[in-house]
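S.K.: Let me see the structure of the following:
(one chain, ligands or ions: 1)
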Amino acid sequence: MSEKKISVAVFDAKPYDIAFFTAVNNKYEYDLRFFEFHLNPDTAPVANGFDVVCAFVNDKIDAKTVDILHKNNIKLITMRCAGYNNLDLEALMNKIHVTRVPAYSPYSVAEHAASLLLSLTRKIPQAFNRTRNGNFMLNGLTGRDLHGRTIGIVGTGKIGKIMANITAGFGMQTLAFDVFPDEIWANEKNVRYVNKEELFTQSDVITLHCPLTPETRHFVDEKSIALMKNDAVIINTGRGGLIDSKALVHALKHKTIGGAALDVYEEEEKYFFEDWSAEVIEDDLLARLMTFPNVIITAHQAFLTQDALTAIAETTFENIRQYFAGENLTNEICYHCGANQISCSKVKNGRCF
Ligand code: NAI
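M.R.: Residues are numbered from 1 along each chain as shown. Next comes the predicted model:
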């Protein structure tokens with residue numbers, strides 16, 4: 001008799017997830033079941049009978065969901081993303097192991113952030129719409145050089161550092177803010193770490209590459225926006241909650257900042273990854289953001305490259321293999337801080353809980 005395959009319930013599965021997971025699964029041969037809907041307390045019972053749950057950024061893994069999954073004997077949740085802000089870590093502790101994909105292609109995100117920056121400063125969406133309609137006028141399309149201007153990078157981890165390399169290529173000066181500054185890298189790359197206030201005051205571009213935590217929630221708020229230059233722009237490919245959207249809309253309306261390019265939005269869960277083109281958008285802040293000529297929104301797309309999707313599938317499947325082989329879980333998250341347990345400062349006896 002053939003051995004029973006490890007079964008995996010994949011939530012919030014889109015066609016591109018299905019395509020890349022299926023292709024990479026040739027090597028692993030898991031029993032994959034794809035569900036289009038999000039994981040939340042209403043859908044969690046679907047996981048009954050599966051060995052593993054695979055979830056994504058907008059799945060709701062709160063205490064209720066955890067309780068249902070635990071009762072259904074799920075031992076492993078494998079997140080196919082880097083962020084962990086949608087997990088109730090306290091509820092998960094000692095119940096369900098959680099792995100994530102801490103790095104897939106940091107280039108995918110940094111390159112998207114750079115695309116957003118150029119699109120915003122050179123008004124590419126407006127130019128594209130015009131020429132498609134046969135309007136070849138340039139009035140109103142005046143942009144700004146990036147060369148010689150200052151970028152403030154918040155979070156100089158994998159993505160932030162690549163963004164710094166890219167924008168240094170444009171000839172920008174780099175300021176950075178991080179709770180764990182990497183001084184050796186900064187010296188090498190001519191980057192200057194500054195405090196939050198100086199970063200907001202001095203930068204022409206602010207780009208967010210830190211995780212969303214209670215400390216970083218609304219990192220960009222009314223107070224920090226008040227410090228910014230009136231023509232400075234914000235790029236957010238981190239997490240929506242890093243920006244207080246109400247404060248952002250207020251600043252855009254009163255022209256106290258130059259613009260924003262957002263790949264993430266505070267309340268994106270309901271809208272992003274879905275087609276709302278024939279529906280009424282009830283979120284007034286999102287609807288208002290969509291009206292500004294100096295705002296570009298992409299729907300959490302920064303990770304979406306062939307390279308990143310392949311790497312995500314490979315690491316996710318490897319996380320599952322390690323769990324069932326009884327090996328150390330390289331990418332298991334810490335229930336206290338969300339970091340990788342292996343590198344967590346609280347690690348004792350190989351575990352940080
Ligand atoms: P990373 O862990 O390599 O770097 C994060 C950096 O942020 C670290 O240097 C850390 O010290 C710093 N940091 C932590 N707390 C901070 C604080 N309070 N203030 C300032 N800096 C702080 O992470 P990576 O891979 O560079 O990703 C960064 C973020 O990008 C992720 O947390 C995720 O939320 C977001 N992301 C977005 C994607 C998208 O498709 N839009 C895809 C992948 C990641």
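S.K.: Can you report phi and psi for the residue in the chain that the ligand sits nearest to?
M.R.: The nearest approach of the chain to the ligand comes at G157, 1.7 Å away (Cβ to the nearest ligand atom). Placement of C-beta: from N, CA and C, glycine included. Backbone torsions for G157, taken as degrees, to the nearest 10, come to phi -90, psi -150.
S.K.: Next, count neighbours for it.
M.R.: Using other Cβ atoms under 10 Å, G157 has 17 other residues around it.
S.K.: got a list of what it touches?
M.R.: 178, 209-210 (Cβ atoms under 8 Å, 6 or more residues apart in numbering).
S.K.: Including secondary structure, pLDDT and distance to N94, could these go into CSV?
M.R.: Below are the contacts of G157 laid out as CSV (DSSP: H, G, I helix; E, B strand; the rest coil; pLDDT from 0 to 100; distance: Cβ to Cβ, whole Å):
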residue, secondary structure, pLDDT, distance to N94
D178, coil, 97, 31
H209, coil, 98, 32
C210, coil, 96, 28
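S.K.: and which of these is nearest R192?
M.R.: D178 (12.0 Å; Cβ to Cβ).
S.K.: Can you tell me which residues in the protein are near the ligand?
M.R.: For the chain, the contact set with the ligand under Cβ under 6 Å from any ligand atom comprises 82-83, 103, 106, 109, 154-160, 177-180, 209-213, 215-216, 237-239, 263-264, 300, 302-303.
S.K.: Which members of those are classed as buried?
M.R.: Buried members of those, scored by 16 or more other Cβ atoms under 10 Å, are 82-83, 106, 109, 154-160, 177-178, 209-213, 216, 237-239, 263-264, 300, 302-303.
S.K.: Inside strands: which ones of these?
M.R.: Among these, the residues falling in strands (DSSP state E) are 154, 177.
S.K.: In helices, which of the buried ones among the residues of the chain next to the ligand fall?
M.R.: 106, 109, 158-160 (DSSP state H).
S.K.: wait, which of the residues you listed is closest to A287?
M.R.: Looking across these and measuring by Cβ to Cβ, the closest to A287 is V109, at 26.1 Å.
S.K.: Quick check: pLDDT value at that closest one.
M.R.: With respect to pLDDT, V109 has a value of 97.
S.K.: That one reaches R239, doesn't it?
M.R.: No. Using Cβ atoms under 8 Å as the test, V109 is too far from R239 to be in contact (11.7 Å).
S.K.: and the residue nearest to I124 when sequence neighbours are not counted, what element?
M.R.: Of all residues not flanking I124 in the chain, L118 sits nearest, at 7.0 Å (Cβ to Cβ, 6 or more residues apart in numbering). Element membership of L118 [criterion: DSSP states H and E] is helix 106-121.
S.K.: any residues touching the helix or strand just after that helix, and which ones?
M.R.: Using DSSP H and E, the helix or strand that follows helix 106-121 in sequence is helix 124-132. Helix 124-132 is contacted by residues 118-119, 136-137, 140-141, 293, 296 when judged by Cβ under 8 Å, 6+ apart.
S.K.: just stretch 40-47 next, same as before
M.R.: Contacts of stretch 40-47 (Cβ under 8 Å, 6+ apart): 9, 11, 35, 37, 39, 53, 59-60, 62, 64-65, 68-69, 72, 74.
S.K.: residues in contact with the closest residue to R122 other than its chain neighbours?
M.R.: With Cβ to Cβ, 6+ apart as the criterion, R122 has its nearest non-adjacent residue at 4.2 Å, and that residue is G143. Taking Cβ under 8 Å, 6+ apart, we find G143 in contact with 121-123.
S.K.: a strand runs through G143, doesn't it?
M.R.: No. According to DSSP: H, G, I helix; E, B strand; the rest coil, G143 belongs to no strand; its state is coil.
S.K.: Give me the phi and psi for it.
M.R.: Dihedral angles of G143 (phi, psi; degrees, to the nearest 10) stand at phi -110, psi -160.
S.K.: Give me the pLDDT for it.
M.R.: 97.
S.K.: Please apply the same query to C337.
M.R.: In this model, C337 is scored at 73, pLDDT.
S.K.: Check the one 10 residues further on too.
M.R.: We have a pLDDT of 61 for V347.
S.K.: any idea how far C54 is from L32?
M.R.: 8 Å (Cβ to Cβ, to the nearest Å).
S.K.: list residues touching both of the two?
M.R.: Common neighbours of C54 and L32 (Cβ under 8 Å, 6+ apart) are 8, 10.
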